[in-house]
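K.L.:
Quick one: sequence and predicted model below, then my questions.
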Amino acid sequence: MSTRDPDRLAWAPSVPFFAIHAGALATPFLFPATGGLLALAAGLYALRMFAITAGYHRYFAHRAYKTGRAFQLVLAVLGGMSAQKGALWWAAHHRDHHRYSDTEEDIHSLVRRGFWWSHVGWILSTRYDRTVVENVKDLTRWPELRWLDRFHWVPPAALALLLWLAGGWAAFAWGFLVSTVFLWHGTFAINSLCHLIGRKRYETGDESRNSFALAVVTLGEGWHNNHHFYAATANQGWFWWELDVSYYLLRALAAVGVVRDLRLPPPHIRMAHRLGEGRRSRSAADAERQQPGERQQRPLEEEAA
C-alpha cells in the first residue's frame, strides 16, 4: 500500500508544467520580441482566456447561458488549448470550490492552505487528478466532452504543433510557451489573490473579493465577490464601471444568435449591499445559488441541441 502524501508536489507529472515555464523564461533571449510575436502571444492569451472565463467557467461550471452543441464544442476545444485539462475536470472541481468555499473541504482555499496551495500547489499534487463525474452529470451526456476530458493533452499539443508548423520555433515559443504561462497565472490568481486582495461588497461566508486589476487581466473574472454572492450569471461585473470583457463578447455572440438566454443577477441581488441585505449565511446563499449539477435535467436537455 502506498503511503505517499497526495498533497505533495508530484514531480514526474509536473515536469511539463515546469518545462513550459523554463521555456517561457528563455524565450526573450532565444527569440527577441517583435511586434508580430507579441501580438501572437497576446492574441492567443485573450482567445484562450475568453474560452476559460466564458466557456469553462460561466458555461460549463455554472450554466449561465445556453448555446448549441457546435459552439459548446468550440468552447471545450479552445479551453482545452489552455492546458488546464478538460471542461469536465475543470467544472467538476470548480463546483466543489463554490460548494465549500474557504472551508476545510475547499480544494484550493488560500485561507486554509496558503498562497502556494491555492495558486498552484493543488494542481501539481495528485489529490485532484480524477474528474469528479458525480459533479458534472449534466455534462457527461456528450461523448465529445468525455473524449476531451480523457485526452485533455490533445488540444494544447495540437496548438503547439500548429504554431511550430506555421511560424517555426519563435511562433511556438511566444504563441504557446509565453502565452500559456501568462494564461495559467492569470487564471490561478483568481483562486489565490481574489481571496486576499480587493474589496468585499457582499458578505458571502468566505474571503472572496473584487479586484479591478484582476478583472482587467482575466477579462472580467476579478469581480469575484460578486460572483460568490450569486454565481450563476453570465456577467460578473454587475455595475457599469465593472469591466467585464467576457460578458461584452457574450452579448455580441448573443446578438448574432450563437449564444442565448444570458442569465443576469436579479436587481434585488445587485443592490443587496445598499438595501442592508448583503449579509447572508452560507446555507441561505447556497440554497439560492443552487449548483448546476443539482438542477432538474429537463431544461439542460434543451441545451447544446
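P.N.:
Yep, it's here.

K.L.:
okay, now the nearest residue to Val77 once chain neighbours are set aside: neighbour count?
P.N.:
Once flanking residues are discounted, Val77 sits nearest to Pro155: 5.4 Å by Cβ to Cβ, 6 or more residues apart in numbering. Backbone N, C-alpha and C define where each C-beta goes, glycine included. A count of nearby residues for Pro155, using other Cβ atoms under 10 Å, gives 21.

K.L.:
doesn't His94 make contact with Asp106?
P.N.:
No - the pair Asp106 / His94 is not scored as a contact, 11.2 Å apart, by Cβ atoms under 8 Å.

K.L.:
ok so, going back, could you double-check that the residue nearest to Val77 sits in contact with Leu75?
P.N.:
No - counting by Cβ under 8 Å, Pro155 does not reach Leu75; the two are 11.5 Å apart.

K.L.:
what comes up buried for the host helix or strand of the residue nearest to Val77?
P.N.:
Assigned by DSSP states H and E, Pro155 belongs to helix 154-172. Going by neighbour count (16 or more other Cβ atoms under 10 Å), the buried part of helix 154-172 is 155-156, 159-160, 163-164, 167, 170-172.

K.L.:
Can I get it as CSV, trimmed to CA atoms?
P.N.:
Extracted in CSV, the C-alpha atoms of helix 154-172 (Å, rounded to 0.1, in the frame of the first residue of the first chain):
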residue,chain,number,x,y,z
VAL,A,154,-4.6,16.8,-27.4
PRO,A,155,-5.8,20.4,-27.8
PRO,A,156,-2.7,22.1,-26.3
ALA,A,157,-0.4,19.7,-28.2
ALA,A,158,-2.3,20.5,-31.4
LEU,A,159,-2.0,24.2,-30.8
ALA,A,160,1.8,23.9,-30.1
LEU,A,161,2.3,21.8,-33.3
LEU,A,162,0.2,24.3,-35.5
LEU,A,163,2.3,27.2,-34.2
TRP,A,164,5.5,25.5,-35.0
LEU,A,165,4.4,24.5,-38.5
ALA,A,166,3.1,28.0,-39.2
GLY,A,167,5.9,30.1,-37.7
GLY,A,168,8.7,27.9,-36.5
TRP,A,169,10.2,27.9,-33.1
ALA,A,170,9.7,31.6,-32.5
ALA,A,171,6.0,31.3,-33.0
PHE,A,172,5.9,28.2,-30.8
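
K.L.:
For it, name the packing helices and strands.
P.N.:
Taking 3 or more Cβ pairs under 8 Å, 6 or more residues apart in numbering; DSSP states H and E as contact, the helices and strands that helix 154-172 lies on are helix 35-50, helix 69-80.
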